[in-house]
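Engineer: Test case, fold it:
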Amino acid sequence: MFPWPSPAKTALSLFGIRKLNSRVKGDLLLIDHIQKLGDLSKQIAELVNGKSEKMLDISLIDKDLEQLAGILNQYNDNQRQLIASTLRHENYLKESIANISHDLRTPLTVILGHLQLLRKETLTDRQAQRIETIFHKAERMKELVQTFYDLSILDSEQITPRREDFNLSNLLINLITENAPALEAKNLSPEIDLPPHSVYLNSDYSMVERILQNLLTNAIRYSSGDIKMSLKQARENRAIFTIENPIDSKTEINPARLFERFYTGDASRHNSGTGVGLAVVKLLTDKLGGNVSAEIKSNVLTVTLEIQ
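Structural biologist: Purely as a prediction, here's the structure:
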């Protein structure tokens, strides 16, 4: 017969099995704990590196680790609120700069216009010198105001067109009139080709005004001769505006890069340009669903704008 084990041996065997099971369970718990620590470490690394916006998983066995995870989650939430507040503040500043710059442009244009008239008066040498100094300072201030405005647009991600019907022909004429002092200062006579009937557009007035102003400013700044402009109505609520200005034969400009941010061409263009004006033209034109392009032929820079 098969010998039955004694009760004592049976008890010892069972104790050994329980002890082994207990040890196995302990090892499994340790492995699970280590895995959770690894997961927590990975989550913290992603959180610190900005690769995750999720809260940390605090379903851990160790209470101290749960408390640590809770503290980190609170820190993460505070950082999110701080970033959101900073972004709101930045957007407010950008909007304020844009509004202030726009409001300053008109009075500066009026000041420059009156100064230009004074330059034509019979003045003593001392008076002429003072008027000339004021004129150049006001011009510089207008350029800075325009640069601030352009930079605020380039850095803004929330630009939404507000369309309305307006007379594009009148807008262009008004802009040329406003820029008369700058044109006269460089002895430039603009040639304007307008259709017999006014050109109308359903678009964002402020955006179109900024686009035309920047194109005109660029032409005046770098032109070596008279500027030619043309405007015509196109199909499907579109208008085509072309502006041509001769450039110095020594000037090196890459038309393909002309609308890149901060592109100023060769050294001869570095003296006064910032390389943001035409970048703004490209940005706003794209926002309006239009197209803008540039080419150089026979030392004449031609920019063609199709806008809607």
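Engineer: Next, the buried residues of stretch 134-143.
Structural biologist: 135, 138, 139, 142, 143 (16 or more other Cβ atoms under 10 Å). Yep, even glycine has a C-beta here, placed from its N, CA and C like the rest.
Engineer: same deal with stretch 182-190?
Structural biologist: Per 16+ other Cβ under 10 Å, stretch 182-190 contains these buried residues: 182, 183, 184, 185, 188, 190.
Engineer: for it, how far is the first residue from the last?
Structural biologist: 11 Å (Cα to Cα, to the nearest Å).
Engineer: so for that stretch, what's the average pLDDT?
Structural biologist: The pLDDT scores in stretch 182-190 average 87.
Engineer: show me where this protein has strands.
Structural biologist: Ranges of strands in the chain, per DSSP state E, are 163-167, 191-193, 200-204, 228-234, 238-246, 291-297, 300-307.
Engineer: So which of the ones you listed is nearest residue 86?
Structural biologist: Checking those against residue 86 by Cβ to Cβ gives strand 200-204 as the closest, at 28.3 Å.
Engineer: pLDDT averaged over the closest one, what's the number?
Structural biologist: In this model, strand 200-204 has a mean pLDDT of 93.
Engineer: residues in contact with residue 213?
Structural biologist: Contacts for residue 213 (Cβ atoms under 8 Å, 6 or more residues apart in numbering) come out as 146, 175, 179.
Engineer: repeat for residue 171
Structural biologist: So residue 171 contacts 205, 208, 209, 212 (Cβ under 8 Å, 6+ apart).
Engineer: The residues you listed in helices, which ones?
Structural biologist: Cross-referencing those against helices under DSSP state H gives 205, 208, 209, 212.
Engineer: circling back to that earlier point, a markdown table for the strands of the chain, including mean neighbour count and distance to residue 110?
Structural biologist: A markdown table is the format used below for these (neighbours: other Cβ atoms under 10 Å; distance: least, Cβ to Cβ, whole Å):
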| stretch | mean neighbour count | distance to residue 110 |
| --- | --- | --- |
| strand 163-167 | 13 | 22 |
| strand 191-193 | 11 | 22 |
| strand 200-204 | 18 | 25 |
| strand 228-234 | 16 | 23 |
| strand 238-246 | 19 | 24 |
| strand 291-297 | 15 | 30 |
| strand 300-307 | 18 | 27 |
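Engineer: Show me the two of the buried residues of stretch 182-190 that sit farthest apart.
Structural biologist: Distances among those were taken as Cβ to Cβ; the most separated pair is 185 and 190, at 13.3 Å.
Engineer: Which one of the contacts of residue 213 is nearest to residue 253?
Structural biologist: Looking across the contacts of residue 213 and measuring by Cβ to Cβ, the closest to residue 253 is residue 146, at 20.6 Å.
Engineer: tell me, how many neighbours does that closest one end up with?
Structural biologist: Neighbours of residue 146 under the rule other Cβ atoms under 10 Å: 23.
Engineer: I figured it was touching residue 221, is that so?
Structural biologist: No. Using Cβ atoms under 8 Å, residue 146 makes no contact with residue 221, being 11.0 Å away.
Engineer: Show me what the nearest residue to residue 241 once chain neighbours are set aside is bridged to.
Structural biologist: Excluding the flanking residues, the one nearest residue 241 by Cβ to Cβ, 6 or more residues apart in numbering is residue 305, at 4.5 Å. When bridges are called by DSSP bridges, residue 305 pairs up with residue 241, residue 292.
Engineer: coming back round to it: what about the ones in helices among the contacts of residue 171, which one has the most neighbours?
Structural biologist: Using other Cβ under 10 Å as the neighbour criterion, residue 208 leads these with 25 neighbours.
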